[in-house]
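Q: coordinates only, sequence not included:
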């Protein structure tokens, strides 16, 4: 086992994440500017599209990391039946869910039931489609709606906080189904769909537009929330959540949606077309 993979198993994930959570919100100017300067330089962050293009004008590092973009920086594909990318990042994998199993990387797969923490909730996606998008430190870290939908519930699934960088995805079995994550269930025009916000080491922190900070606190057992009586309806392309530090978002779609020819490591941006509704006699419409 390579040293960088071995470290993933022995590091105190939650302890380190708590430290980084605090450090990225420290407002001491020399500290936050040091962190921002390092990320901008190391990852060649494009600040020209940010609503506030001055990286040092942000209150703390996390405010910079979750920065808002200019209103015209991203646009949704005009086809109302198109699935649009929920995030800026790179395609990790995409394709068909085969008998409930999702492809992670060569030699690696996991089940939709494991990912969602619920066998019944996974049933509509047994032979549907999935898209896994990895957000690197240079990317815009707000997550948007791939389709119009009404929030029906959330599930906070406890777990480890392994890295979700490509090296870890290739080496750690079922990494997305093992990491702490927030599963967001929606009902759309053609059936249910799911956006899974997968946490990652340093920091596995997730906030939603309907509840604010959702992770941390970290969970010790599965926590389900029925949201149907809240009537949270979000338009396609609307902001739904954000990652406080980098991670991965996974979309699960029912039968009837057809993905475009998406390639591993392909760069995508919010609003870009990923596929479309084609209809199916076995769909959940």
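A: All right, it came through fine. Just so you know, these numbers come straight off a predicted model, no measurement behind them. Numbering: from 1, shown residues only.
Q: and the residue nearest to residue 174 when sequence neighbours are not counted, helix, strand or coil?
A: Excluding the flanking residues, the one nearest residue 174 by CB to CB, 6 or more residues apart in numbering is residue 110, at 4.1 Å. For the C-beta atoms, the positions are set from N, CA and C on the backbone; glycine is no exception. Following DSSP: H, G, I helix; E, B strand; the rest coil, we place residue 110 in the strand state.
Q: With residue 103 instead?
A: strand.
Q: all strands of the stretch 51-200 of the chain, in order?
A: Along the stretch 51-200 of the chain, the segments classed as strands by DSSP state E, counting those that start in this stretch run 82-84, 89-96, 101-105, 108-111, 129-134, 142-144, 149-157, 181-188, 191-198.
Q: Would you mind giving the ones you listed as TSV with distance to residue 226 and mean neighbour count added?
A: TSV is the format used below for these (distance: least, CB to CB, whole Å; neighbours: other CB atoms under 10 Å):
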stretch	distance to residue 226	mean neighbour count
strand 82-84	26	23
strand 89-96	30	20
strand 101-105	25	19
strand 108-111	23	17
strand 129-134	24	24
strand 142-144	22	25
strand 149-157	5	20
strand 181-188	10	24
strand 191-198	14	24
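Q: May I have the beta-bridge partners of the residue nearest to residue 174?
A: residue 102 (DSSP bridges).
Q: cool, and residue 186?
A: Here residue 186 sits in beta bridges with residue 151, residue 193, going by DSSP bridges.
Q: Worst mean pLDDT across the helices and strands of this structure, which element?
A: In the chain, no helix or strand scores lower on mean pLDDT, DSSP states H and E than helix 3-10, which sits at a mean of 80.
Q: Apart from its chain neighbours, what residue comes closest to residue 44?
A: Closest to residue 44 by CB to CB, 6+ apart is residue 138, at 6.4 Å.
Q: Same check on residue 228?
A: residue 152 (5.3 Å).
Q: Correct me if wrong: the one you found contacts residue 186.
A: Yes. Using CB atoms under 8 Å, residue 152 is in contact with residue 186, at 6.4 Å.
Q: Now the common contact residues for the two.
A: Contact criterion CB atoms under 8 Å, 6 or more residues apart in numbering; residues shared by residue 152 and residue 186: residue 192.
Q: quick one on the thing from earlier: contacting residues for the residue nearest to residue 44?
A: Taking CB under 8 Å, 6+ apart, we find residue 138 in contact with 39, 43-46.
Q: mind redoing it with 7 Å?
A: Residue 138 makes contact with 43-45 under the criterion CB atoms under 7 Å, 6 or more residues apart in numbering.
Q: how far away is it from residue 88?
A: Separation of residue 138 from residue 88 (CB to CB, to the nearest Å) stands at 9 Å.
Q: and if you look at residue 150?
A: Using CB to CB, we find residue 150 at a distance of 25 Å from residue 88.
Q: Return the residues in contact with the most centrally placed residue in the chain.
A: Closest to where the C-alpha atoms of the chain average out (CA atoms, centre = their mean) is residue 249, at 2.1 Å. Going by CB under 7 Å, 6+ apart, residue 249 touches 86-87, 133, 143, 195-197.
Q: Please convert those to TSV, extending it with distance to residue 124 and pLDDT.
A: Formatted as TSV, the contacts of residue 249 follow (distance: CB to CB, whole Å; pLDDT from 0 to 100):
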residue	distance to residue 124	pLDDT
86	19	98
87	23	97
133	21	97
143	21	97
195	14	98
196	14	97
197	19	96
